[in-house]
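A.B. asks: coordinates only, sequence not included:
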Ligand SMILES: Nc1ncnc2c1ncn2[C@@H]1O[C@H](COP(=O)(O)OP(=O)(O)O)[C@@H](O)[C@H]1O
Ligand code: SF4
Ligand SMILES: [Mg+2]
């Protein structure tokens, strides 16, 4: 522990003045059995490969990218359900990347995860009261005898009937189950909530209600959020800053307005083109929108140089040989592209 660090009441050490959360060059390579020609060997899945992110108290950071880009792995690293293969994960200045389960105990309470799938993330044999109550007990959040009252307060806070504490998950709708997951996360009074695509498994009509709930909680309780989505439309009104991930890396990060108005990375531009009302606002006719073709390549054997080059309409020879670094291209806007520039009508049109 440094001289500047202190042990807070909760048992969490912190370094004064440090960001709430800081990931530096974090890597998660999974070792798996190879297939085909590589059947006898182990191969590495580069799920997350050198991600750096910063989160301030109360701030909301959006993490966006297609399926397979490493978003959930990043969520599981931040919440330390996974131990990274390299890099540092600092919470209030203290590196928790390689802490043991015992050392992690006080931090577990402060960083909570909301899962994508409200169906599989709740134990079907437990009542809502038990689910939320277990979170309270695990983190020692209520004195003996005060549990039911607090469970009911939490249910009310997330818009559920507090009298329904003895019902089972299957008695609730998808949106209500996600609210139970949110109540369980709030039980710990966290400083950070990592929400991994919390509305993508819900009906479109329900999505806005759950988003509104999260937005209100954020404002009322001052919790910082890492909000994960595969679609830039979903995080548009929710985030202060947005980081775009592609194949295990952050390719662009910017304050919300800069990212939506002047995206510089071709991948960000393509993701934005896929959001119907954003294209309309810009006056870009649907036929001129950039369409991403193909899938994200395998993280077992990512393309050389720029990982996006196999799907990029701007790719040149240099893109295959030189890995573009994440550089500041505008104030507070970092982009990893040799040809980064804000969109102009012609770029959008060229991709047709
Ligand atoms: N435990 C694991 N073992 C092997 N590969 C994994 C594991 N978890 C994730 N992956 C792989 O890592 C890549 C990124 O996955 P994920 O983080 O779930 O992406 P996203 O959430 O953006 O869809 C995918 O190719 C996925 O198959
Ligand atoms: S570095 Fe090259 S391939 Fe990569 S995004 Fe930029 S232009 Fe496209
Ligand atoms: Mg995911």
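C.D. replies: Cool, got the structure. Computed from a prediction, not measured in an experiment: that's the story for all the values here. Ligands and ions are numbered 1, 2, ... in the order given.

A.B. asks: hey, let's count contacts and neighbours off CA atoms from now on
C.D. replies: OK.

A.B. asks: what about residue 81, which SS state?
C.D. replies: Counting by DSSP: H, G, I helix; E, B strand; the rest coil, the backbone at residue 81 sits in coil.

A.B. asks: what number of residues lie near it?
C.D. replies: Neighbourhood size, residue 81 [other C-alpha atoms under 10 Å]: 14.

A.B. asks: what's the pLDDT at it?
C.D. replies: We have a pLDDT of 97 for residue 81.

A.B. asks: quick one: low-confidence ranges for the chain?
C.D. replies: Along the chain, the model assigns pLDDT under 70 to residues 1-10, 277-288, 344-352.

A.B. asks: just so I have it, where are all the helices in the stretch 101-250 of the chain?
C.D. replies: 101-110, 128-138, 147-157, 174-186, 204-221, 232-235 (DSSP state H, counting those that start in this stretch).

A.B. asks: Surely residue 135 and residue 190 touch.
C.D. replies: No - look at residue 135 against residue 190 with C-alpha atoms under 8 Å: they stay out of range, at 11.6 Å.

A.B. asks: follow-up on the earlier one: make a markdown table out of the helices of the stretch 101-250 of the chain and add distance to residue 267 and mean neighbour count.
C.D. replies: Output for the helices of the stretch 101-250 of the chain, formatted as a markdown table (distance: least, C-alpha to C-alpha, whole Å; neighbours: other C-alpha atoms under 10 Å):
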| stretch | distance to residue 267 | mean neighbour count |
| --- | --- | --- |
| helix 101-110 | 33 | 16 |
| helix 128-138 | 39 | 21 |
| helix 147-157 | 38 | 19 |
| helix 174-186 | 30 | 24 |
| helix 204-221 | 25 | 14 |
| helix 232-235 | 12 | 22 |
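
A.B. asks: Of all these, which one comes closest to ligand 1?
C.D. replies: Between ligand 1 and the helices of the stretch 101-250 of the chain, the shortest gap by C-alpha to the nearest ligand atom is with helix 232-235, which sits at 13.4 Å.

A.B. asks: Mind putting the helices of the stretch 101-250 of the chain into TSV with distance to ligand 2?
C.D. replies: Compiled in TSV, the helices of the stretch 101-250 of the chain are given as follows (distance: least, C-alpha to the nearest ligand atom, whole Å):
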stretch	distance to ligand 2
helix 101-110	36
helix 128-138	43
helix 147-157	44
helix 174-186	36
helix 204-221	31
helix 232-235	18
